[in-house]
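Q: build the 3D model from these lines:
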Amino acid sequence: MTNETINIYKDAKALSEGFTSFLQTEMEDKESISISLSGGSTPKTLFQYWAECCNNLIEWQKMCFFWGDERCVPPDDPLSNYGMTKKFLFDFIEKITPSHIHRIHGENDIKDELRKYEGILSRELPKHNELPCFDIMMLGLGDDGHTASIFPDQIELWESRRNCVEAVHPETKMKRISLTGRIINNSNNIAFLVTGKNKARKVKEIIGERDKFMNLYPAARVNPTHGNLYWFLDEEVASLL
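A: Numbering: from 1, shown residues only. Take a look at the predicted model:
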């Protein structure tokens, strides 16, 4: 592990405040900053906090938005990660530059969209190790140990030589598009945002016994090649640490 930092907050709101301070620090002295967003309840709380409290606190014009994964649905579908971000953040912040929003088009043909999004990453992001490099990679953690849309039963996708892959949810069978491990781990900063007591054991296993669970949980394979790994946790999910 290159450099791992664990931050624990009282609740999701305090976590949102803490992550915002981290973001502001990373934005200092930069002309632009690339961030890969995730879906889920914790990012939703963060986006609501940004919309309600940070209109004038964040230099929105500097931010370039991408996604780590997306369900293969139209943007107006309630399951769309982009749609959730638009509903709870983009619709409230006029200072965001529309051309800085690089969504995954889940409604398109999957194979075409994989190639298209790989092209966007290659064009829009600087390179490190000859691969696209995000300033900040935001990740969630599933109850089953998945992250992005790499699930335990398809853990081999993490090691794909592609930058984007097609994945399938093991229960719903819904198709998804996901970044792969080589892009996630090539980020300058990787930030897990996790809340809720139901994920406490997974957090304990991944942080405390990562090597033991490398072949079980895709999230255990998050290991920056050159950057930093941060955990932003509430007290409930950190209760077993």
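Q: low pLDDT regions in the protein?
A: Residues of the chain that meet the criterion pLDDT under 70 lie in 1-2.
Q: recalculate using a threshold of 50.
A: Applying pLDDT under 50 to the chain picks out no residues at all.
Q: strands along that one, start to end?
A: Using DSSP state E, the strands of the chain run over residues 4-9, 33-37, 63-67, 69-71, 127-128, 131-132, 136-139, 164-168, 175-179, 189-194, 228-234.
Q: didn't Lys202 look like it was pressed against Thr147?
A: No - with contact defined as Cβ atoms under 8 Å, Lys202 does not count as touching Thr147 (10.3 Å). From N, CA and C alone the C-beta is placed, and that goes for glycine too.
Q: between those two, what contacts are shared?
A: 141, 219 (Cβ atoms under 8 Å, 6 or more residues apart in numbering).
Q: picking that back up, could you dump the strands of the chain to CSV with distance to Ile206?
A: Shown next, in CSV, are those (distance: least, Cβ to Cβ, whole Å):
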stretch, distance to Ile206
strand 4-9, 11
strand 33-37, 19
strand 63-67, 22
strand 69-71, 18
strand 127-128, 24
strand 131-132, 24
strand 136-139, 11
strand 164-168, 20
strand 175-179, 18
strand 189-194, 9
strand 228-234, 9
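Q: can I get these in TSV with mean neighbour count?
A: Conversion of those to TSV gives the following (neighbours: other Cβ atoms under 10 Å):
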stretch	mean neighbour count
strand 4-9	15
strand 33-37	22
strand 63-67	22
strand 69-71	25
strand 127-128	12
strand 131-132	20
strand 136-139	26
strand 164-168	21
strand 175-179	24
strand 189-194	24
strand 228-234	22
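Q: which of Lys202 and Thr147 has more neighbours?
A: Between Lys202 and Thr147, Thr147 has the larger neighbour count (other Cβ atoms under 10 Å), namely 27 against 22.
Q: just the helices in this protein please.
A: Ranges of helices in the chain, per DSSP state H, are 12-27, 41-53, 81-88, 110-124, 181-184, 200-208.
Q: report how many residues lie close to Thr25.
A: If you count neighbours by other Cβ under 10 Å, Thr25 ends up with 8.
Q: check Lys44 too.
A: For Lys44, using other Cβ under 10 Å, the count is 16.
Q: doesn't Lys87 make contact with it?
A: No - contact between Lys44 and Lys87 fails when scored by Cβ under 8 Å: they sit 9.0 Å apart.
Q: distance of Gly40 from Glu31?
A: Look at Gly40 and Glu31: by Cβ to Cβ, to the nearest Å, they are 30 Å apart.
Q: excluding covalently adjacent residues, which one is nearest to Ile155?
A: Leaving aside its sequence neighbours, Ile155 sits nearest to Pro218 (Cβ to Cβ, 6 or more residues apart in numbering; 5.4 Å).
Q: and what of Leu89?
A: Nearest residue to Leu89, sequence neighbours excluded (Cβ to Cβ, 6+ apart): Phe47, at 3.9 Å.
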